[in-house]
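Trainee: Build me a model from this:
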Amino acid sequence: MSELLSDQGKTAVSTKEAPGAIGPYSQAVRVGDMLFASGQVGLDPATGQMVAGGIAEQTARALENVKAVLAQAGLDLSHVVKTTVFLKSMGDFAAMNEVYAKYLAPEGVVPPARSTVAVAGLPKDALVEIEVIVKGAA
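Mentor: The predicted structure is shown next:
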């Protein structure tokens, strides 16, 4: 586990099991019992390339990347309280939502609050990017 503590009580969380930050940001930042995770796209951390396929495959990979970052912090998707989903096309909403529900809204789980917005473009020409806020970081 890679964690760097700052003077402001912020702790950076990072893992090689998710794509590394490609700029001046952290994969996630822990502040108290909250974790703020940067957006994840459908990049395969092993190859650094976008996964083959379309919105369903990219959504699944993005959420697997989110899971990896959370696992590094000792958390899982059940701790997610808020998500923001960025879509290149709202035409992909239904297909994204189907995959998203399997990860974040399985039977018996309170789904997180969510915003979904269409954007003009995403890093690496991704079709979807997902960021999360998590409660329960210890």
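
Trainee: The helix or strand that Glu98 is a member of: which residues count as buried?
Mentor: Using DSSP states H and E, Glu98 sits in helix 93-104. Buried residues in helix 93-104, counting neighbours by 16 or more other Cβ atoms under 10 Å, are found at Phe93, Ala95, Met96, Val99, Tyr100, Tyr103, Leu104. Every C-beta, even on glycine, is put in place using the N, C-alpha and C of the backbone.

Trainee: Among those, which one sits closest to Leu127?
Mentor: Met96 (8.2 Å; Cβ to Cβ).

Trainee: pLDDT averaged over the longest helix belonging to the chain, what's the number?
Mentor: As assigned by DSSP state H, the longest helix anywhere in the chain is helix 55-72. Averaged over helix 55-72, pLDDT sits at 98.

Trainee: which strands and helices sit next to that helix?
Mentor: strand 10-14, strand 28-31, strand 34-40, helix 93-104, strand 128-135 (3 or more Cβ pairs under 8 Å, 6 or more residues apart in numbering; DSSP states H and E).

Trainee: Mind doing that once more with 10 Å?
Mentor: strand 10-14, strand 28-31, strand 34-40, strand 80-87, helix 93-104, strand 128-135 (3 or more Cβ pairs under 10 Å, 6 or more residues apart in numbering; DSSP states H and E).

Trainee: Dump those into CSV; add mean pLDDT and distance to Thr116 as well.
Mentor: As requested, the helices and strands packed on helix 55-72 are exported to CSV (pLDDT from 0 to 100; distance: least, Cβ to Cβ, whole Å):
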stretch, mean pLDDT, distance to Thr116
strand 10-14, 93, 25
strand 28-31, 95, 21
strand 34-40, 97, 13
strand 80-87, 98, 4
helix 93-104, 98, 7
strand 128-135, 98, 10
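
Trainee: Show me the one of those that comes nearest Asn65.
Mentor: Of all these, strand 34-40 comes closest under Cβ to Cβ, at 3.9 Å.
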